[in-house]
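Chemist: 3D, please:
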Amino acid sequence: MKLPMIFGHRGASSIEPENTMKAFQQAFEDGADGIEFDVRLTADNQMVIIHDSLINRTSNGIGLVRKKTYQELLEFDFGKGEKIPLLEDVLKKFRNQKWLNIEIKEQGFEKQLIELLDKLKITRKYVISSFDISVIQKIKELNSEIPTAFLYQTIRFNLQALISKTQCDGIHPKHTIVNRRLFSEARYYRLAIRAWTVDSERKAWKLTKLGINGIITNNPKKLLLYLKEKQQKTKKKRKI
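Modeler: Model prediction:
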């Protein structure tokens with residue numbers, strides 16, 4: 001049984017400060033195939049990696065990301081002395097080597113992102129995801145070859161309508177709504193499925209048996225150890 005790709009949710013965020021270089025590096029040291037991270041724009045139009053629109057929860061500062069320049073954001077501690085990363089720096093470090101799930105949190109910088117991907121010659125091992133359909137549409141409008149995935153958590157979602165609107169290549173559903181019917185539909189439309197955010201070992205194994213393409217987790221090391229152990233036990237049973 002083939003194991004799914006494991007993505008560190010905001011890096012190894014159960015161990016290191018989320019969406020920091022330290023968390024990303026830890027995820028890969030723990031065996032993750034890729035990392036998932038969030039991108040927003042600063043006041044001076046720099047693409048930075050942070051989940052929330054405010055810096056209050058994840059740093060020792062307060063205020064909106066969109067109202068601060070990148071240099072101003074560098075004044076704050078985002079955990080264990082880590083600074084907020086620039087998207088460009090993360091892409092340079094891991095480009096074409098490790099899987100990158102780039103989640104766009106807001107509209108307006110799709111063209112800027114694509115230009116950066118072109119500049120850095122990033123051609124493989126990445127996917128752009130978003131909860132915002134218009135972001136996926138814009139990305140595909142600018143470059144139809146860029147792999148995209150739509151994020152969602154509603155159980156009743158029409159995949160045929162989604163593909164018609166976005167031409168997306170994959171879906172990233174919340175793990176609680178993944179079932180056999182969804183797999184059947186996704187296979188029919190040739191969509192990759194990567195589920196979020198899975199920290200339960202049992203749930204991860206259940207998804208693995210269904211044949212999921214990717215699992216996004218806060219603790220890649222824990223899930224990988226469990227899944228590999230279950231895989232080995234399954235192999236032994238089949239030999240007997």
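Chemist: For the protein, just list every one of the helices.
Modeler: For the chain, the helices defined by DSSP state H occupy 21-29, 70-73, 87-94, 110-119, 133-142, 159-166, 180-188, 201-210, 220-239.
Chemist: Comparing these, which comes out most buried?
Modeler: Of all those, helix 21-29 has the most neighbours on average by mean count of other C-beta atoms under 10 Å, namely a mean of 22. To be clear about C-beta, it is placed using only N, CA and C from the backbone, and glycine gets the same treatment.
Chemist: how about low-confidence regions in this structure?
Modeler: Scanning the chain for pLDDT under 70 picks out the ranges 239-240.
Chemist: which residues touch Asp199?
Modeler: Each residue near Asp199 by C-beta atoms under 8 Å, 6 or more residues apart in numbering is listed here: 14, 217-219, 222-223.
Chemist: and of those, the nearest to Leu86?
Modeler: Asn218 (23.1 Å; C-beta to C-beta).
Chemist: What is the burial count for the closest one?
Modeler: 21 (other C-beta atoms under 10 Å).
Chemist: how near is Ile193 to Phe94?
Modeler: 23 Å (C-beta to C-beta, to the nearest Å).
Chemist: Of all the helices of the chain, which one is nearest Leu41?
Modeler: Of these, the one closest to Leu41 (C-beta to C-beta) turns out to be helix 110-119, at 8.1 Å.
Chemist: Contact partners for Leu54?
Modeler: Contacts of Leu54 (C-beta under 8 Å, 6+ apart): 62-65.
Chemist: re earlier: now the helices of the chain in JSON lines, with distance to Asp44?
Modeler: Shown next, in JSON lines, are the helices of the chain (distance: least, C-beta to C-beta, whole Å):
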{"stretch": "helix 21-29", "distance to Asp44": "21"}
{"stretch": "helix 70-73", "distance to Asp44": "6"}
{"stretch": "helix 87-94", "distance to Asp44": "14"}
{"stretch": "helix 110-119", "distance to Asp44": "12"}
{"stretch": "helix 133-142", "distance to Asp44": "21"}
{"stretch": "helix 159-166", "distance to Asp44": "30"}
{"stretch": "helix 180-188", "distance to Asp44": "40"}
{"stretch": "helix 201-210", "distance to Asp44": "40"}
{"stretch": "helix 220-239", "distance to Asp44": "33"}
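Chemist: Out of those helices, the one nearest Ile104 is which?
Modeler: Nearest to Ile104, of the helices of the chain and by C-beta to C-beta, is helix 133-142 at 4.9 Å.
Chemist: So which elements touch that closest one?
Modeler: helix 110-119, strand 126-130, strand 148-152, helix 159-166 (3 or more C-beta pairs under 8 Å, 6 or more residues apart in numbering; DSSP states H and E).
Chemist: Need the residues that contact that helix.
Modeler: Contacts of helix 133-142 (C-beta under 8 Å, 6+ apart): 104, 107, 110-111, 113-114, 128, 130, 146, 148, 150, 162, 165-168.
Chemist: Report the angle between it and helix 110-119.
Modeler: On the basis of axes from the mean of the first three to the mean of the last three C-alpha atoms, to 10 degrees, helix 133-142 is oriented at 50 degrees to helix 110-119.
Chemist: can you pull up the bridge partners for the residue nearest in space to the middle of the chain?
Modeler: Nearest to the geometric centre of the chain sits Glu36, at 2.8 Å (C-alpha atoms, centre = their mean). When bridges are called by DSSP bridges, Glu36 pairs up with His9, Asn101.
Chemist: For it, give its distance to Lys111.
Modeler: Applying C-beta to C-beta to Glu36 and Lys111 gives a distance of 23 Å.
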